[in-house]
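Trainee: Build me a structure from this.
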Amino acid sequence: MTKRDDMALFGNRFLTVPAPSEAFPAEGMSATDAMRLVDVDLAMEGDPQRNLATFVTTWMEPEAQRLIAENLHRNFIDHAEYPISAEIEQRCVRMLADLFNAPGRTTGCRTQGSSEAIMLGALSLKWKWRERRQAAKLSVDQPNLVFGGDVHVVWEKFCRYFDVEPRIVPLAEGKYTIGPEDVEPHLDENTIGVVAVLGTTFTGHKDDVVGIDKLLRDIRKERDLDIPIHVDGASGAFVWPFLYPDSKWDFRLEQVRSINVSGHKYGLVYPGIGWLVFREESDLAKDLVFEENYLGKTDATFTLNFSTGASMVLAQYYNFVRLGRQGYTYVMKIMQENAHALADNLRSGGRFEVIGSDLEQLPLVAFRLAGQHAYDESDVAWQLAAERGWMVPAYTLPPNAERVKIMRALVKETLSREQIDRLGQDIDDACRTLDEKGATHRTERAQVKRGTGY
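Mentor: Below is the predicted model of the structure:
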């Protein structure tokens, strides 16, 4: 029997042949071989259970996974073929509007994560500003958008891509969010809106949305400038309604006109699903809505992407009906309880200062080394990854707080109290190793992923 016959009989061809990587393969292989080839490659990736850097959901219930798998063929945008998927999207929008305390009938859409939702929401801010300026026969040449240094990089992308001046409020050591006093100097007649973050990727806190709302209401009365707020709730808009239901940040505040949220973060759905919800239908600029009929019926479309799978929309609806307010509250409180346990553990060891755990915060722990050491947070991150495989990012904060370096551990629903205790011990052990050997080499640091975007 030839080697080719052996491969055909027993498989495993990919064990002795390099995986295709440059040229398009001349021949195919069996379905089992192809599956195993990809599986072997993926086995070299990180363990999601130990990745405390990512905000993105890495586990769903078996029933949800089955629902996703059975509906991967559905093209969400094809409303003629899949009208129920379209209706389920609008059910989710209406439920989110209710969760965010919208005053009445509104509109919104699913998106490919919060990045698309932010682009669409910010475009509507720009278009609505332009409508107001044109109605008053004023120039529309110099739009600007005000936000803090605590925003996700997508806000700077929007400004660059769509020709809007970014007016970025700098942070400071000990001040990692923004409020009305920071925003006011940057406002003028060309300001299309103010961005307030609910749950920053850096420390998990929120901007002073209540204070910014009051400032903008006062400006509307005194200067006849109607400047709206967009709340970037990518992480926090699925946390605050359940952990801090009395905290006002949403449509209960008059100037909040639109909110984005990531279903694939604390919405507990696999990537990628995001949502954009407007306060009222009139807050969506009509010029951004297109009509198309080539898929069999006339539909209005308001997205940057067109064809996309319906599975994650269905998975989001599954979570809404599976958990409800009671279930989401339970999950968020469990994560918060474990985050507090980890914070207490790090604090009691004496090596670390925990940042802002007494404030409203995402279920995470932001911390930094206390006192003087021969190593820094990046060294701890590397040593922790090398010794125990934990991914806990270390990073510097945005200007003007770039001198501050911190670590951040996200506490998700898959992280048990036993793992929390083990993580605390592993962090302490990593520090003990560094006490003995000193800081890691720069080449070692380069091997560790760090940052707030994971």
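
Trainee: residue contacts, the residue nearest the centre of the chain?
Mentor: Geometric centre of the chain, nearest residue: Ala234, 4.6 Å, by C-alpha atoms, centre = their mean. With contact taken as C-beta atoms under 8 Å, 6 or more residues apart in numbering, Ala234 is in contact with 55, 114, 118, 152, 199, 260-262, 265, 274. Backbone N, C-alpha and C define where each C-beta goes, glycine included.

Trainee: Show me these that map onto strands.
Mentor: 260-262, 274 (DSSP state E).

Trainee: how about the strands in this structure?
Mentor: Going by DSSP E, the chain shows strands at 108-111, 144-148, 165-169, 191-197, 229-232, 256-262, 274-278, 290-292, 299-301, 352-354, 364-369, 394-396, 405-410.

Trainee: close enough to count as contact, Gln142 and Asn190?
Mentor: Yes: with contacts counted by C-beta atoms under 8 Å, Gln142 reaches Asn190, the gap being 4.9 Å.

Trainee: Common neighbours of these two, please.
Mentor: Shared contacts of Gln142 and Asn190, defined by C-beta under 8 Å, 6+ apart, comprise Glu165.

Trainee: Just put the contacts of Ala234 in JSON lines and tack on pLDDT and distance to Ile229.
Mentor: Listed next are these as JSON lines, based on pLDDT from 0 to 100; distance: C-beta to C-beta, whole Å:
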{"residue": "Phe55", "pLDDT": "94", "distance to Ile229": "22"}
{"residue": "Ser114", "pLDDT": "95", "distance to Ile229": "16"}
{"residue": "Ile118", "pLDDT": "97", "distance to Ile229": "14"}
{"residue": "His152", "pLDDT": "95", "distance to Ile229": "16"}
{"residue": "Gly199", "pLDDT": "98", "distance to Ile229": "15"}
{"residue": "Asn260", "pLDDT": "98", "distance to Ile229": "12"}
{"residue": "Val261", "pLDDT": "98", "distance to Ile229": "15"}
{"residue": "Ser262", "pLDDT": "98", "distance to Ile229": "19"}
{"residue": "Lys265", "pLDDT": "97", "distance to Ile229": "21"}
{"residue": "Gly274", "pLDDT": "97", "distance to Ile229": "19"}
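
Trainee: Do a quick rundown of the helices in this structure.
Mentor: Taking DSSP state H, the helices of the chain run over residues 3-10, 31-42, 62-70, 83-99, 113-135, 154-161, 180-183, 209-223, 240-243, 311-349, 377-388, 417-437, 442-445.

Trainee: Quick check: which of these is nearest to Thr303?
Mentor: helix 113-135 (6.8 Å; C-beta to C-beta).

Trainee: elements contacting the closest one?
Mentor: strand 108-111, helix 154-161, strand 191-197, strand 229-232, strand 256-262, strand 274-278 (3 or more C-beta pairs under 8 Å, 6 or more residues apart in numbering; DSSP states H and E).

Trainee: how far does it sit from the chain's center?
Mentor: Computed by C-alpha atoms, centre = their mean, to the nearest Å, the chain-centroid distance of helix 113-135 equals 20 Å.

Trainee: That helix to helix 311-349, inter-axis angle?
Mentor: Calculated by axes from the mean of the first three to the mean of the last three C-alpha atoms, to 10 degrees, helix 113-135 forms an angle of 110 degrees with helix 311-349.

Trainee: Start and end of stretch 43-55, how far apart?
Mentor: One end of stretch 43-55 sits 21 Å from the other (C-alpha to C-alpha, to the nearest Å).

Trainee: could you dump the helices and strands packed on helix 113-135 to TSV with distance to Pro180?
Mentor: What follows is the helices and strands packed on helix 113-135, written out as TSV (distance: least, C-beta to C-beta, whole Å):
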stretch	distance to Pro180
strand 108-111	27
helix 154-161	19
strand 191-197	10
strand 229-232	11
strand 256-262	14
strand 274-278	23
